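Peer 1: sequence first, then the predicted structure:
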2 protein chains.
Amino acid sequence: MYVTIPTEYANTKPQSQSVPVARLSAEKLLHTKSHLFFEGDRVDWLYQVKSGVVRLTRLLEDGRRAVIAFGYPGDIIGFPSNGNHHTDCEALTETRLQPYSLTHLEDGASDPELHSELLQAALREISAMQDHFMMLGRKTATEKVASFLCTLAERVGEDLGCYKQFAVPMSRSDIADFLGLTTETVSRTLTQMRKSKIIAIESVHTIVVMRPTALLGLSSGQN
Amino acid sequence: MYVTIPTEYANTKPQSQSVPVARLSAEKLLHTKSHLFFEGDRVDWLYQVKSGVVRLTRLLEDGRRAVIAFGYPGDIIGFPSNGNHHTDCEALTETRLQPYSLTHLEDGASDPELHSELLQAALREISAMQDHFMMLGRKTATEKVASFLCTLAERVGEDLGCYKQFAVPMSRSDIADFLGLTTETVSRTLTQMRKSKIIAIESVHTIVVMRPTALLGLSSGQN
DNA sequence: CGGGTTCTTGACTATCTTCAACGAAAGTGG
DNA sequence: CCACTTTCGTTGAAGATAGTCAAGAACCCG
């Protein structure tokens, strides 16, 4: 999941990724904090997240980290490059995954339809990543955090009357590394939004959006 | 073309993208500053750059801009998302392009091999974009500019004895929007590198790398 | 040649980071 | 189950990196 530039709150097309048809393996269970794969590992399977949340990260030699994406239900993860994984993948919650055999997927001749699905998934991924470039390169801290919350609210928020509540399974530093900020800045920004009654911080890992329109405004710089 | 994290100078595998086999249309010529497509246009063709350089951009309503990528010879551009272009594309120099019919490409059944090539190109694209996330989110201005120059040198630099020279067809603000900086910061950073004799600025749009190792050092933060 | 754009440079400012301390939460072992 | 340790989150103060504003120089293009 990438945080994009929401143009209208709660208006995105349902994230119902077309589900590849031929399941070649049973569901896989991944426990919180366990790894699905590491950077450099050979890619044998792609996975579609069925429930739970995973985190994809890359590291720099000196320890700086980038969170490339969060994998939410419906997302397909594990795209190879030169046959290898280019990120680490760790579960943030108990996660169920549907594996798909890569050899079978990549061989277009054997199953053209499945192959097309894979290509479509890759193209969606590219598009989502392009949105994220704008975020990383051109948005302020407040805009970044607001965009992030909007996306979470839209994607997994549950209605609470006129409010929307959602879980935030990732740590502050996961969020920071995803948005290109520090944990302190993320924390401060959230506090500020809480003080201006735009959000409520139910618990550290649960947020309620009190004023969706105001949050959306922050996300696009109209403050 | 994305600027990645060079691990060893002049050590990247040749950018020889596998060339799709079935050419369905004659080469297309694009003049400097003319557009190949705009964001929102329906995608009918993909293009492989044969010569020249193009620039892919996205805009925010308030005018902020992100340069998503520069398209150099060998690169494939125009990947659709929901059938539409998600960036504008403009030629920075006279450019020759080989078009490929999308309908033909996407229909895996009709030409499995071509379809596979397309998927591979998309996967390479995803990998390159992931590298760029680290750049945008976690690198300093100097590291960004140095990485950018390293990539250009590697990709299109011509040997001049022990130096490497290359053209910089994009403007300072193109570079800035690619790296998530301002034109002033790009300009200042280049000036600084020139003063420390790491590069020479032949002309505004031509750079010579005098001390490749030093430049590579800057790109990964060892300064 | 002249007008407009692009690039460079300077001075100042703001945003975000860094460093540090503290409190809260979660994990561990007796 | 409780005490202890460790990690995580929040907050504050100070500092630095990059941005903004502004002006002049260089470059292009007709």
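Peer 2: It's in.
Peer 1: average pLDDT across stretch A:77-90?
Peer 2: What stretch A:77-90 shows for mean pLDDT is 95.
Peer 1: and the helices in chain A, which stretches?
Peer 2: For chain A, applying DSSP state H gives helices covering A:102-106, A:112-138, A:141-156, A:172-179, A:183-195, A:212-219.
Peer 1: would you turn these into CSV with mean pLDDT and mean neighbour count?
Peer 2: Quick note: C-beta positions are derived from backbone N, CA and C, even for glycine. Converted to CSV, these look like this (pLDDT from 0 to 100; neighbours: other Cβ atoms under 10 Å in any protein chain shown):
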stretch, mean pLDDT, mean neighbour count
helix A:102-106, 74, 17
helix A:112-138, 92, 21
helix A:141-156, 97, 23
helix A:172-179, 98, 23
helix A:183-195, 98, 17
helix A:212-219, 97, 20
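Peer 1: nearest to B:Arg155, of the ones you listed?
Peer 2: helix A:112-138 (19.7 Å; Cβ to Cβ).
Peer 1: packing partners of the closest one?
Peer 2: Packing contacts for helix A:112-138, counted by 3 or more Cβ pairs under 8 Å, 6 or more residues apart in numbering or on different chains; DSSP states H and E, involve helix A:102-106, helix A:141-156, strand B:54-59, strand B:65-71, helix B:112-138, helix B:172-179.
Peer 1: take those and write them to TSV, including distance to B:Gln222.
Peer 2: Converted to TSV, the helices and strands packed on helix A:112-138 look like this (distance: least, Cβ to Cβ, whole Å):
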stretch	distance to B:Gln222
helix A:102-106	37
helix A:141-156	28
strand B:54-59	31
strand B:65-71	26
helix B:112-138	15
helix B:172-179	19
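Peer 1: follow-up on the earlier one: which of the helices of chain A sits closest to B:Gln48?
Peer 2: helix A:112-138 (16.2 Å).
Peer 1: quick one: closest of the helices of chain A to B:Leu56.
Peer 2: Smallest distance to B:Leu56 across those (Cβ to Cβ): 8.5 Å, for helix A:112-138.
Peer 1: just put the helices and strands packed on helix A:112-138 in CSV and tack on distance to DNA strand C.
Peer 2: Shown next, in CSV, are the helices and strands packed on helix A:112-138 (distance: least, Cβ to the nearest atom of the strand, whole Å):
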stretch, distance to DNA strand C
helix A:102-106, 33
helix A:141-156, 4
strand B:54-59, 12
strand B:65-71, 13
helix B:112-138, 9
helix B:172-179, 4
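Peer 1: tell me the pLDDT of A:Thr206.
Peer 2: 97.
Peer 1: quick one: A:Tyr163 and A:Val209 touch, right?
Peer 2: Yes - applying Cβ atoms under 8 Å as the test, A:Tyr163 and A:Val209 come out as touching, 6.1 Å apart.
Peer 1: between these two, which one's more packed in?
Peer 2: The residue with more neighbours, out of A:Tyr163 and A:Val209, is A:Val209; 26 against 16, by other Cβ atoms under 10 Å in any protein chain shown.
Peer 1: closest one to B:Gly221 among the helices and strands packed on helix A:112-138?
Peer 2: Of the helices and strands packed on helix A:112-138, nearest to B:Gly221 by Cβ to Cβ is helix B:112-138, at 9.7 Å.
Peer 1: touching DNA strand D at all, that closest one?
Peer 2: No - Helix B:112-138 lies out of reach of DNA strand D by Cβ under 7 Å from any atom of the strand, never closer than 10.3 Å.
Peer 1: the inter-axis angle of that helix versus helix B:172-179?
Peer 2: Helix B:112-138 runs at 100 degrees relative to helix B:172-179, counting by axes from the mean of the first three to the mean of the last three Cα atoms, to 10 degrees.
Peer 1: burial check on A:Gly63, number of neighbours?
Peer 2: 6.
Peer 1: now it: how far from DNA strand D?
Peer 2: Distance check for A:Gly63 against DNA strand D: by Cβ to the nearest atom of the strand, to the nearest Å, it reads 13 Å.
Peer 1: same thing with A:Ser34?
Peer 2: In terms of Cβ to the nearest atom of the strand, A:Ser34 sits 15 Å off from DNA strand D.
Peer 1: report the contact partners of that residue.
Peer 2: Going by Cβ atoms under 8 Å, 6 or more residues apart in numbering or on different chains, A:Ser34 touches A:90-91.
Peer 1: kindly recompute the last result at 7 Å.
Peer 2: Going by Cβ atoms under 7 Å, 6 or more residues apart in numbering or on different chains, A:Ser34 touches A:Ala91.
Peer 1: which stretch among the helices of chain A comes nearest B:Tyr100?
Peer 2: helix A:112-138 (13.7 Å).
Peer 1: by how many degrees do the closest one and helix B:141-156 diverge?
Peer 2: 140 degrees.
Peer 1: quick one: helix A:112-138 to chain centroid distance?
Peer 2: In terms of Cα atoms, centre = their mean, to the nearest Å, the centre of helix A:112-138 is set 12 Å apart from its chain centre.
Peer 1: show me the domain layout of chain A.
Peer 2: A:21-135, A:139-219 (automatic domain parsing).
Peer 1: closest to B:Arg138 out of these?
Peer 2: That would be domain A:21-135 among the domains of chain A, by Cβ to Cβ, at 4.6 Å.
Peer 1: thought A:Gly221 was touching B:Arg64?
Peer 2: No - the criterion here is Cβ atoms under 7 Å, and A:Gly221 misses it with B:Arg64 at 8.3 Å.
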